[in-house]
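Trainee: Have a look at this prediction, sequence included:
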Amino acid sequence: MDLYQQLLATDKKIIWHPYSALGNDLPIFPVVSAQGVRLKLADDRELIDGMSSWWCAIHGYNHPVMNQAIKDQLESMSHVMFGGLTHPPAVELAETLVDITPNNLNSVFFSDSGSVAVEVAMKMAIQYWHDRQSSDKQKFLSIRSGYHGDTFGAMSVCDPVTGMHSLFSQSLSQQVFIDAPTTPFNEECKEHDLAQLKNALQQHHDELAAFILEPVVQGAGGMHFYSADYLNHARELCDHYNVLLIFDEIATGFGRSGKLFACEHSNIQPDIMCIGKALTGGYLTLAATLTNDDIANTISNGDPGVFMHGPTFMANPLACAAANASIKLLLDSAWQEKIDQIEGWLKSALLKCDSLGNVKNVRVLGAIGVVECTRAVNMQTIQSAFVEQGVWIRPFGKLIYLMPPYIIDKSDTEILCNAIYEVLINDI
Ligand SMILES: Cc1ncc(COP(=O)(O)O)c(C=O)c1O
C-alpha cells in the first residue's frame, strides 16, 4: 500500500471528519504539504486552494514571515498558563486588536476557537445584565441563516433549520429568531426588513440580553450578503430597547469583505465583537472577544466581580505570535487594493455561470464569490470532479463558493472560477 492508500485506510476506520459519519464513502484527500495557494496531495497532485482552509489562510501556506515568527516564539516559550501570568505576544496582540477594531472596544478576552469566542460573548452579555440587576435578560435575538459555531450556546443562535436544532431541541436554549434582512448590500435598508426587528425587540426586550449577528455577510449559514444600513438601524433599536449588540466577525474579519471588519461598511459600533479564523493567518487556533468599557467595568465591579471563563490554552503564546505576524503582514500590504482586484476577477470570471440553468444566483463581495445552485450539489461526485481539475473547492448545500488566500493571482482565480463553470455545465 502506498502512503496515499495507507492514510486513507486508517483515516476511514478511526477518524471523524467535520459534519460526516465515521467510515462513510464520501471522498477524502490526504494532503502532505502546502505552499502559497497550492495544496500538495500524497500522490503529488497539486490543487489550487479556493477555500483558505475555511477562510483563515489569508497569506497562503508556508509563508516565510509567518514561519519565522512562530519559530522565534517557539525558541522562547510555546505555552504558559494565562491565570496569574501574562507575556509579550498577548500584550502586543491585545493592544493591536484594541487599536484596529471599532473605537469603543477597549478590552480583549482570548479563547481558542470561534465557537468559544461566541460562548464568551453570550456569557458576557448575560453577566452584564445580571450585574445591572436585570437577570431576566437571558435570551438572544438572532437572524435566520446565521452561523455562530457548534458549541451549545453558539448553536442556539445559529439558523434553527440548517443548525439542526430539532436534533438538540431538549438541550438547547430557546432563542428569538427573525428573518435575515433581504435588502441588498449597497442599498438603504427597506422598511419590511426592519419591521420584524422592531417587533421582536418591542415584544421581547425584557428577556433579551443581546442581538447577535454576522455583519453584512452571513457565512456558513447561507453565504448571504445584506444591507450594511440594517446595522445602523439595529444599533438605534438596540439602544432604544436596552439590548446589547454583538457582531460575530469571525468569518468577515481581517479584510474578507473589502473592509478590515465588515461592520465598517456601516456607521456604527457593536458592544461586543468576536473574531477568530484569519486572526492567525490560518496558522494556529485563536479567537478573541472584545467589549466596550461599560460591559467590562460592569462585570468587573459587579457580583461576583470576575468574568466566569478561563480556557486552558487562553492566549497561547505561539498563536498570539502568529496573530501579531499575520496582522502586521496584512496591514503592511496593499490589502484593500488586492481585495478589490480579487473582487473584480471573481466578478468577471464567475459571470458566465449566471446564465446556466442550474444556477440561481451569482454574487461577489470583496474576496468572496458565491454561485448559488437551484438544488443541492452532489458531494459524492462534485468534490472528486474539482480535484481532477486541480482545484480545492468545498461546496455545501446549494452553494459553491470561493474565498481564496489574498495572495492569489488572476490566472489561479480564473482557474478556480472555470472549474466551477465546468462542473455546472456538465451537471456533475
Ligand atoms: C461567523 C462564524 N462564527 C463562528 C464560527 C465558529 O468558529 P470555529 O469553527 O472556530 O469554532 C464560524 C465558523 O465557521 C463562523 O463562520
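Mentor: Done, it's in. Residues are numbered from 1 along each chain as shown.

Trainee: mind checking pLDDT for Trp16?
Mentor: Looking at Trp16, its pLDDT is 96.

Trainee: ok, now which ones touch it?
Mentor: Counting by Cβ atoms under 8 Å, 6 or more residues apart in numbering, Trp16 touches Leu22. All C-beta spots, glycine's among them, are computed from the backbone N, C-alpha and C.

Trainee: go on, Lys139?
Mentor: Counting by Cβ under 8 Å, 6+ apart, Lys139 has contacts 173-176, 204, 207-209.

Trainee: next one: Arg144
Mentor: Contacts for Arg144 (Cβ under 8 Å, 6+ apart) come out as 159-161, 177-180, 221.

Trainee: In ChimeraX, how would I select just the buried ones from those?
Mentor: This is how ChimeraX selects the buried members of the contacts of Arg144, with burial counted by 16 or more other Cβ atoms under 10 Å:
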select :159,160,177,178,180,221
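
Trainee: okay, the helix or strand of the chain with the lowest mean pLDDT in CSV with CA atoms only?
Mentor: Lowest by mean pLDDT, DSSP states H and E among the helices and strands of the chain is helix 3-14, with a mean of 93. C-alpha atoms of helix 3-14 as CSV (Å, rounded to 0.1, in the frame of the first residue of the first chain):
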residue,chain,number,x,y,z
LEU,A,3,1.3,6.4,1.5
TYR,A,4,-1.9,7.8,-0.1
GLN,A,5,-3.8,4.5,0.4
GLN,A,6,-2.4,3.9,3.9
LEU,A,7,-3.5,7.3,5.2
LEU,A,8,-7.0,6.8,3.7
ALA,A,9,-7.4,3.3,5.1
THR,A,10,-6.6,4.3,8.7
ASP,A,11,-8.5,7.6,8.4
LYS,A,12,-11.6,5.9,7.3
LYS,A,13,-11.5,3.4,10.2
ILE,A,14,-11.0,5.7,13.1
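
Trainee: And it, what's buried?
Mentor: Residues 4, 7-8 are the ones in helix 3-14 that count as buried (16+ other Cβ under 10 Å).

Trainee: and if you look at stretch 224-235?
Mentor: Buried residues in stretch 224-235 (16+ other Cβ under 10 Å): 224-231, 233-235.

Trainee: Which of these fall within helices?
Mentor: 229-231, 233-235 (DSSP state H).

Trainee: So which of those residues reach the ligand?
Mentor: Applying Cβ under 6 Å from any ligand atom to these, one finds that nothing falls near the ligand.

Trainee: In TSV: those residues, plus distance to Glu337 and pLDDT.
Mentor: TSV is the format used below for those (distance: Cβ to Cβ, whole Å; pLDDT from 0 to 100):
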residue	distance to Glu337	pLDDT
Asp229	25	98
Tyr230	27	98
Leu231	25	98
His233	31	98
Ala234	30	98
Arg235	30	98
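
Trainee: Pick the one among those closest to Ala262.
Mentor: Distance to Ala262 across those (Cβ to Cβ) is lowest for Leu231, with 8.8 Å.

Trainee: Residues of the stretch 51-200 of the chain that sit close to the ligand?
Mentor: Counting by Cβ under 6 Å from any ligand atom, the stretch 51-200 of the chain comes close to the ligand at 113-115, 118, 147-149.

Trainee: Most neighbours among the residues you listed, please name it.
Mentor: The residue in these with the most neighbours, by other Cβ atoms under 10 Å, is His148 (33 neighbours).

Trainee: which ones are touching that residue?
Mentor: Applying Cβ under 8 Å, 6+ apart, we find His148 in contact with 114-115, 118, 142, 154-155, 157-158, 212, 214, 248, 250.

Trainee: contact partners of the least confident helix or strand of the chain?
Mentor: Residues from elsewhere that reach helix 3-14 (Cβ under 8 Å, 6+ apart): 1, 22-23, 28, 30, 32, 41-43.

Trainee: just stretch 48-66 next, same as before
Mentor: Contacts for stretch 48-66 (Cβ under 8 Å, 6+ apart): 33-39, 219, 251, 254-256, 277-278, 280-283, 322, 325-326, 329-330, 390-394, 402-408, 412, 415-416.

Trainee: Please work out the average pLDDT along that stretch.
Mentor: Per-residue scores along stretch 48-66 average to 98.

Trainee: in it, what's buried?
Mentor: Buried residues in stretch 48-66 (16+ other Cβ under 10 Å): 48-53, 55-61, 63, 66.

Trainee: Could you do stretch 207-226 as well?
Mentor: Result for stretch 207-226 [16+ other Cβ under 10 Å]: buried residues 207-226.

Trainee: Ok, stretch 113-132 next?
Mentor: Neighbour-count burial for stretch 113-132 flags 113-131 (criterion: 16+ other Cβ under 10 Å).

Trainee: What is the neighbour count of Asp25?
Mentor: Residues within reach of Asp25, counting by other Cβ under 10 Å, total 8.

Trainee: helix/strand/coil for the residue lying closest to it once chain neighbours are set aside?
Mentor: Counting by Cβ to Cβ, 6 or more residues apart in numbering, the nearest residue to Asp25 once its immediate chain neighbours are dropped is Gln380, at 7.3 Å. Secondary structure for Gln380, judged by DSSP: H, G, I helix; E, B strand; the rest coil, is helix.

Trainee: Any stretches of the stretch 201-350 of the chain with poor pLDDT?
Mentor: Of all residues in the stretch 201-350 of the chain, none has pLDDT under 70.
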